[in-house]
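**Q** give me the fold of what follows.
(one chain, ligands or ions: 2)
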Amino acid sequence: MEGVDYLADERKKAEFDVNEMKIVWAGSRHNFELSDRISKLVANDPGFSKEGRTMLPRKELFKNTLRKATYAWKRIIELRLSEEEAAKLRHFVDEPAFTDLHWGMFIPAIKGQGTDEQQKKWLPLAYKMQIIGCYAQTELGHGSNVQGLETTATFDPQTDEFVIHSPTLTSSKWWPGGLGKVSTHAVVYARLITNGKDYGINGFIVQLRSLEDHKPLPGVTVGDIGLKFGNGAYNTMDNGVLRFDHVRIPRDQMLMRVSQVTREGKYVQSDVPRQLLYGTMVYVRQTIVSDASNALSRAVCIATRYSAVRRQFGSQNGGQEIQVIDYKTQQNRLFPLLASAYAFRFVGEWLKWLYTDVTQRLQANDFSTLPEAHACTAGLKSLTTTATADGIEECRKLCGGHGYLCSSGLPELFAVYVPACTYEGDNTVLLLQVARFLMKTVSQLGSGKKPVGTIAYMGRIEHLMQCRSDVKQAKDWLKPSAVVEAFEARAARMSVACAQNLSKFDNPEEGFAELAADLAEAAVAHCQLIVVSKFIEKLQQDIPGEGVKQQLEVLCGIYYLFLLHKHQGDFLGTGYITSKQASLANDQLRALYSQLRPNAISLVDAFNYTDHFLDSILGRYDGNVYPKLYEAAWKDPLNQSDIADGFHEYIRPLLKQQLRTARL
Ligand SMILES: CCCCCCCCCCCCCC(=O)SCCNC(=O)CCNC(=O)[C@H](O)C(C)(C)COP(=O)(O)OP(=O)(O)OC[C@H]1O[C@@H](n2cnc3c(N)ncnc32)[C@H](O)[C@@H]1OP(=O)(O)O
Ligand SMILES: Cc1cc2nc3c(=O)[nH]c(=O)nc-3n(C[C@H](O)[C@H](O)[C@H](O)COP(=O)(O)OP(=O)(O)OC[C@H]3O[C@@H](n4cnc5c(N)ncnc54)[C@H](O)[C@@H]3O)c2cc1C
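**A** Ligands and ions are numbered 1, 2, ... in the order given. Prediction:
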């Protein structure tokens, strides 16, 4: 029945002020009001409908995305939306498109690596979308190893130009989003060669297509790389291939903030570190962490609502069966994901602060916090995207068979999300960057250099190497100090063990390669410590709203106790806890699940998602699942006629043949 809220009873059980929780989730009242307003604007506009998206063939799907992106731009102009509002609108349109790369990477690359003059020239064009750009770094042969890129940019002093060239097949640019069919320009990463010397990778602004007829410019070969995983999903994006045949660009299209080439062809390295060339990646990794909480919370919202609607077994005397959310096994799979969504939200907020801080310092030529910012963005990107991709798939399973239907929203969400584990740095490669940072920190411990920020705990290494947990009863695991010390001791001991093993090798690089799996685990332990600490720090703030803080305390407890349970081997193996203390942690975890249960639906309501954004029958706000599933099935193209296309060619002859055989 329309208009009935099938989850109303669940909502009545809430022990906290949901509206206040919405503000905590959004980060501020301003953010909440902004998201609320723009998400409704998008949901109520038929121009942004998602109807039938997963059924469209590629060409139509792609054209539909172009239509939506252009329509979004039209609305942004008509409504005079600010930059912040426009970004929100694109977010709620919820369809990967070339605009993500234009706004998310092309513009940031010019801002971060261009000189003031270059920014003045290119940014106004890009802001008005008079040029459309992408980020062309990865090649067919190299993605993770940026220093291994092969495209060349050779300076020609005769003409004051760079010659951009793809010398081999493997040097073809491969993957850049927005490149295949849309971008007019790209920031291309190529080896800078001048006076016969190779100075490594640098960014160059290169025009690819005519601004008149959109044809590729002479020397440019460009196209789409082909269909990707999933129905609809990331196939709305034109990930592209690009080859250059001696394409000439003016010298001033080399992005020159980090290094310059003079009119005479002299290479000049400025006093900013070369790593700033990787700055756009650091920026995007930071945004990916916040985005992990968006994607995970969506999946969790669907699985939680459906788990309250779905009933299986346990009916007595014809009464109702049990809601599957009441099974402890369902809670043990679902509630840690709900807690993780909140945990990633808060660590994302903190990371945004860290990024802003490091950016301000860089502007003042203070590069001291860059290594930590790199380690944090790389490590947290890896940790949160891995957990989110796994979490979305778990949510699909939590919804049983119906989760496998596209109308559940989960298959497409997974297919769109899962490449986040690979793009912007493969998750294992990024963990090894964190491990390098940790090994460097451990090796400098005796030098008098005090570790600060997220590795400050290493400064208490002597204590952390020998302390033992003092937990005596289950509720002792609710003490923040007990928890933080447990995660610190585990991370510190795993890092020190790696460092000790590394010291047995004559060649440190060989040792690093041999011990890579252990090093990646130490990096995970360090990153989990950051997430746990930031959640606990959040709880030390003043949080208004009846019962809000208490709910967050429950979620925080579930997040760290679930990790402790899952990684028991690390905590026991490093000798910080006993098996009795591990078992007490598990007792406390179960108790927290019971506390969370009545609040589960309201905790996902606090995400404030519209049904348009969720795009899931199982996750509908009103819980009216079965009639809508039934209705949706009949919309499938296969059901447009009772007799299937192909019946006369394939099924009828079969049946006839069976009849003949039967008569024989
Ligand atoms: C709202 C906006 C939304 C936006 C959404 C956009 C849509 C998203 C859609 C998806 C779009 C997807 C788009 C895409 O996918 S774009 C393509 C993304 N590609 C990658 O992420 C490639 C990953 N590879 C690398 O980053 C490098 O090759 C690595 C790091 C692996 C090695 O590197 P390298 O070969 O150089 O060697 P090294 O390890 O000896 O390191 C040397 C030193 O440099 C330091 N170092 C390294 N890296 C950084 C850094 N970044 N900042 C600061 N420092 C850094 C490092 O600590 C070391 O320091 P030290 O030990 O010597 O002190
Ligand atoms: C959907 C999508 C969008 C993308 N968009 C863009 C874009 O807009 N612009 C752009 O430039 N690029 C883009 N990329 C490319 C992306 O950044 C790369 O694919 C990514 O950096 C991984 O590199 P790779 O493909 O070379 O993986 P590989 O490095 O080849 O990874 C293969 C395997 O090798 C392992 N491995 C590699 N090196 C090591 C090591 N040192 N130690 C241990 N294990 C290792 C990895 O863990 C992985 O298991 C996109 C990719 C995807 C999937």
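
**Q** tell me the spacing between the residue of the chain found nearest ligand 2 and ligand 1.
**A** Proximity to ligand 2, evaluated over the chain using C-beta to the nearest ligand atom, is greatest for Gly143 at 2.4 Å. C-beta here means a position set from N, CA and C on the backbone, and glycine is covered the same way. Computed with C-beta to the nearest ligand atom, to the nearest Å, the distance linking Gly143 and ligand 1 is 6 Å.

**Q** what do you get for Gly409?
**A** Applying C-beta to the nearest ligand atom, one obtains 20 Å for the distance of Gly409 from ligand 1.

**Q** list the contacts for the residue nearest to that residue when sequence neighbours are not counted?
**A** For Gly409, the nearest residue in space outside its immediate sequence neighbours is Ser616; the separation is 3.1 Å by C-beta to C-beta, 6 or more residues apart in numbering. With contact taken as C-beta atoms under 8 Å, 6 or more residues apart in numbering, Ser616 is in contact with 302, 407-410.

**Q** report the two of these separated the most.
**A** Taking C-beta to C-beta, the two most distant members of the contacts of Ser616 are Ile302 and Ser407; they sit 11.0 Å apart.

**Q** who's more crowded, the two?
**A** Ile302 (29 against 20; other C-beta atoms under 10 Å).

**Q** residues touching that one, list them.
**A** Applying C-beta under 8 Å, 6+ apart, one finds that Ile302 lies in contact with 395, 399, 408-410, 614, 616, 618-619.

**Q** so what's the gap between the strand or helix carrying it and the chain middle?
**A** When secondary structure is defined by DSSP states H and E, Ile302 falls within helix 279-309. Its chain's average C-alpha position is 7 Å from that of helix 279-309, according to C-alpha atoms, centre = their mean, to the nearest Å.

**Q** anything in that helix near ligand 1?
**A** Yes: Helix 279-309 lies in contact with ligand 1 when judged by C-beta under 6 Å from any ligand atom; the contacting residues are 281-282, 284, 287.

**Q** now these as TSV including pLDDT?
**A** Below are these laid out as TSV (pLDDT from 0 to 100):
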residue	pLDDT
Met281	94
Val282	95
Val284	97
Thr287	97
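
**Q** distance check, the residue nearest to Ala582 when sequence neighbours are not counted against Leu589.
**A** Leaving out its chain neighbours, the residue that sits closest to Ala582 by C-beta to C-beta, 6+ apart is Gln568, at 5.1 Å. For Gln568, the distance to Leu589 (C-beta to C-beta, to the nearest Å) stands at 12 Å.

**Q** who's more crowded, the two?
**A** Neighbours were counted for Gln568 and for Leu589 using other C-beta under 10 Å; Leu589 has more, 22 against 16.

**Q** which part of the stretch 451-600 of the chain gets nearest to ligand 1, residue-wise?
**A** Here the stretch 451-600 of the chain gets closest to ligand 1 at one residue, Glu509, 9.9 Å apart by C-beta to the nearest ligand atom.

**Q** sorry, back to before: between Ile302 and Ser407, what contacts are shared?
**A** Shared between the contact lists of Ile302 and Ser407 (criterion: C-beta under 8 Å, 6+ apart) are residues 616, 618.

**Q** ok but Tyr199 is inside a helix, no?
**A** No: in this structure, Tyr199 is strand, not part of a helix, as judged by DSSP: H, G, I helix; E, B strand; the rest coil.

**Q** nearest residue to it in space, please, no chain neighbours.
**A** On the basis of C-beta to C-beta, 6+ apart, the spatially nearest residue to Tyr199 that is not a chain neighbour turns out to be Leu192, at 4.5 Å.

**Q** give me the distance between the one you found and Ala522.
**A** According to C-beta to C-beta, Leu192 stands 36 Å off from Ala522.

**Q** could you do Ile543 as well?
**A** Counting by C-beta to C-beta, the gap from Ile543 to Ala522 is 33 Å.

**Q** spell out which residues of the chain are next to ligand 1.
**A** Checking the chain against ligand 1 by C-beta under 6 Å from any ligand atom, the hits are 87, 100, 104-105, 135, 137-138, 144-147, 177, 275, 278, 281-282, 284, 287, 370-371, 374, 423-425, 429, 433, 436, 440.

**Q** by contact count, what packs against the helix or strand containing Val188?
**A** When elements are defined using DSSP H and E, Val188 is found to belong to strand 185-194. For strand 185-194, the packing partners by 3 or more C-beta pairs under 8 Å, 6 or more residues apart in numbering; DSSP states H and E come out as helix 107-113, strand 133-136, strand 152-156, strand 197-207, strand 240-244, strand 259-261.

**Q** how about a cut-off of 7 Å?
**A** Strand 185-194 is packed against strand 133-136, strand 152-156, strand 197-207, with contacts defined by 3 or more C-beta pairs under 7 Å, 6 or more residues apart in numbering; DSSP states H and E.

**Q** for those strands, give me JSON lines that also has distance to Pro167.
**A** Formatted as JSON lines, the entries for the helices and strands packed on strand 185-194 read as follows, by distance: least, C-beta to C-beta, whole Å:
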{"stretch": "strand 133-136", "distance to Pro167": "16"}
{"stretch": "strand 152-156", "distance to Pro167": "6"}
{"stretch": "strand 197-207", "distance to Pro167": "12"}
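
**Q** out of the ones you listed, deepest packed?
**A** The highest mean neighbour count among these belongs to strand 133-136 (a mean of 30), with neighbours defined as mean count of other C-beta atoms under 10 Å.

**Q** just the pLDDT for the residue of the chain found nearest ligand 1.
**A** Of all residues in the chain, Gly104 sits closest to ligand 1, with a separation of 2.7 Å (C-beta to the nearest ligand atom). Gly104 is assigned a predicted lDDT (pLDDT) of 97.

**Q** show me the contact partners of the strand or helix carrying Phe512.
**A** Using DSSP H and E, Phe512 falls within helix 508-514. By C-beta atoms under 7 Å, 6 or more residues apart in numbering, the surrounding residues in contact with helix 508-514 are 502, 505, 519.

**Q** name all residues that make contact with the first one.
**A** Which is Leu502. 439, 508, 511-512, 515.

**Q** could I get the residues you listed as TSV with distance to ligand 2 and neighbour count?
**A** As requested, the contacts of Leu502 are exported to TSV (distance: C-beta to the nearest ligand atom, whole Å; neighbours: other C-beta atoms under 10 Å):
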residue	distance to ligand 2	neighbour count
Met439	15	21
Pro508	15	12
Gly511	14	19
Phe512	10	17
Leu515	12	20
